[in-house]
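**Q** Okay, here's the prediction I keep looking at, along with the sequence it came from:
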Amino acid sequence: MRVLLTGGAGYIGSHTALVLLEAGYDVTVLDDFSNSSAESVARIEALTDRSVQTIACNLGDLREAAQALQVIDFEAAIHLAGFKAVGESVKNPSAYYRNNIVSTLNLLDILRAKNVRELVFSSSATVYGVPQTERIDESHPTGQGLTNPYGRSKAMIEQIIRDVHASWPDFKAVLLRYFNPVGAHESGRIGESPSGVPNNLMPYVAQVAAGQRESVKVFGDAYATPDGTGVRDYIHVMDLADGHLAALQHLEPGVATYNLGSGIGYSVLDVIGAYAEASGKDVPYVITEPRAGDVSRVIADPSRANQMLGWSAKRSLDDACRDSWRWQKQNPEGLQGRYTVAE
């Protein structure tokens, strides 16, 4: 079975591609490489001793994407391509709506034209808005009280996919609501390689631990949490990749929704402390103003995925910090730099 992986050269995409290849699937990566590197595909091939079909293409351009995929046969798609930074979406909302929604509409049109009826969609816990419960399950309201355009774009896409299924009953879709992916592959060969200033916490902490940045900016310390900093559910990226495989293997007619998270909440200061322990380095931080679009606490209830997919998060925050630090040491300049096995 061949799987089309949009955004497959990115952070989550590369780890998902590796898991699919190891499970015996063939993989076609479609990516515009605007925030990723072809080097990640080369490293996946080296790690798995498998070849990956790669298409450099802008999924936001229907004509370009349809032409690129016209002669490519695949049986399912995992849609990861999209912009993903909450803060950036607040500053540039039109870019987020245009990129995330249009690329999905184009993919859905292409799937329908090719009669490809299986889709796994990379959604987000941001669709829940401000949490109304201590732990969030899939019955929690979505689309209400959303605090940022990124989350709104994901909520809109979820509805679009449901509407497509209503008009195409044979269509099978799974919506995976991610919490906070962290860590890297245990080899240190693939990991998160942000361009410029990282938008996510752990790669920023990693660069501070490595001496590349002076200190971590902690956005607010007056939230209603034990230490005043934001609490999040952090999931190891390899557990997240395993979740995509499980979802693909359990596709059924209709639209199913699953949380992919650990079910455990950690504060920003918890993460900084765990990373300092894993790296053996000081990780200085400064408290700054709260960031627009952030909420105080977001923790998953992953029970449905545990029961229905036979999936659960097996790796801890400490594992994620150790794997991230290994990646950081061996790839101080990210995928654009030279890989070095650090002592």
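**A** Arrived safely.
**Q** now the longest helix anywhere in the chain, how far from the centre of its chain.
**A** Longest helix in the chain, counting residues (DSSP state H): helix 93-114. Distance of helix 93-114 from the chain centroid (C-alpha atoms, centre = their mean, to the nearest Å) equals 17 Å.
**Q** Repeat that for stretch 195-211.
**A** Taking mean C-alpha positions (C-alpha atoms, centre = their mean), stretch 195-211 and its chain are 17 Å apart.
**Q** again, but for stretch 8-22
**A** Stretch 8-22 sits 11 Å away from the centroid of its parent chain (C-alpha atoms, centre = their mean).
**Q** now that stretch: mean pLDDT?
**A** Model confidence over stretch 8-22, given as mean pLDDT, is 97.
**Q** Name the residues of it that are buried.
**A** 8-21 (16 or more other C-beta atoms under 10 Å). Placement of C-beta: from N, CA and C, glycine included.
**Q** Reformat those residues as JSON lines; add secondary structure and distance to residue 216.
**A** Shown next, in JSON lines, are those (DSSP: H, G, I helix; E, B strand; the rest coil; distance: C-beta to C-beta, whole Å):
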{"residue": "8", "secondary structure": "coil", "distance to residue 216": "30"}
{"residue": "9", "secondary structure": "coil", "distance to residue 216": "27"}
{"residue": "10", "secondary structure": "coil", "distance to residue 216": "23"}
{"residue": "11", "secondary structure": "helix", "distance to residue 216": "19"}
{"residue": "12", "secondary structure": "helix", "distance to residue 216": "23"}
{"residue": "13", "secondary structure": "helix", "distance to residue 216": "26"}
{"residue": "14", "secondary structure": "helix", "distance to residue 216": "25"}
{"residue": "15", "secondary structure": "helix", "distance to residue 216": "24"}
{"residue": "16", "secondary structure": "helix", "distance to residue 216": "28"}
{"residue": "17", "secondary structure": "helix", "distance to residue 216": "30"}
{"residue": "18", "secondary structure": "helix", "distance to residue 216": "29"}
{"residue": "19", "secondary structure": "helix", "distance to residue 216": "30"}
{"residue": "20", "secondary structure": "helix", "distance to residue 216": "34"}
{"residue": "21", "secondary structure": "helix", "distance to residue 216": "35"}
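**Q** can you redo those residues as CSV with distance to residue 141?
**A** Listed next are the buried residues of stretch 8-22 as CSV, based on distance: C-beta to C-beta, whole Å:
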residue, distance to residue 141
8, 32
9, 34
10, 29
11, 29
12, 26
13, 29
14, 33
15, 30
16, 28
17, 34
18, 35
19, 32
20, 33
21, 38
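**Q** Show me the shaky parts of this protein.
**A** For the chain, applying pLDDT under 70 flags the ranges 337-343.
**Q** which residues in it form helices?
**A** Under DSSP H, the chain gives helices at 11-22, 38-48, 62-69, 86-91, 93-114, 149-167, 201-209, 237-249, 268-279, 303-304, 317-330.
**Q** Let me know which of those is the nearest to residue 138.
**A** Closest approach to residue 138 among these is made by helix 303-304 (5.6 Å; C-beta to C-beta).
**Q** ok, now how distant is residue 335 from residue 9?
**A** 9 Å (C-beta to C-beta, to the nearest Å).
**Q** Residue 79 now?
**A** Counting by C-beta to C-beta, the gap from residue 79 to residue 9 is 14 Å.
**Q** again, but for residue 95
**A** Counting by C-beta to C-beta, the gap from residue 95 to residue 9 is 20 Å.
**Q** Repeat that for residue 106.
**A** 18 Å.
**Q** Who are the contact partners of residue 275?
**A** By C-beta atoms under 8 Å, 6 or more residues apart in numbering, the contact list for residue 275 reads 202, 205, 206, 209, 283, 321, 324, 325.
**Q** one more time with 6 Å
**A** Listed by C-beta atoms under 6 Å, 6 or more residues apart in numbering, the contact partners of residue 275 are 205, 209, 283, 321.
**Q** Please report the distance of residue 278 from residue 330.
**A** 14 Å.
**Q** If you could redo that for residue 6, that was the one I meant.
**A** Using C-beta to C-beta, residue 6 is found at 28 Å from residue 330.
**Q** Quick check: neighbours shared by residue 335 and residue 9?
**A** By C-beta under 6 Å, 6+ apart, the residues touching both residue 335 and residue 9 are residue 40.
**Q** Give me the spatial nearest neighbour of residue 268, chain neighbours excluded.
**A** Using C-beta to C-beta, 6 or more residues apart in numbering and skipping residues adjacent in sequence, the residue nearest residue 268 is residue 229, 3.9 Å away.
**Q** ok, so of the buried residues of stretch 8-22, who is nearest residue 190?
**A** residue 14 (4.9 Å).
**Q** Report how many residues lie close to residue 85.
**A** 18 (other C-beta atoms under 10 Å).
**Q** Quick check: it vs residue 164, distance?
**A** Distance from residue 85 to residue 164, by C-beta to C-beta: 27 Å.
**Q** what's the answer for residue 65, then?
**A** Using C-beta to C-beta, one gets 17 Å for the distance from residue 65 to residue 164.
**Q** of these two, who's got more company?
**A** residue 65 (22 against 19).
**Q** neighbouring contacts of the longest helix of the chain?
**A** 59-60, 62, 65-66, 69, 79, 81-83, 89, 149-150, 153, 156-157, 164.
**Q** angle of that helix against helix 62-69?
**A** 40 degrees (axes from the mean of the first three to the mean of the last three C-alpha atoms, to 10 degrees).
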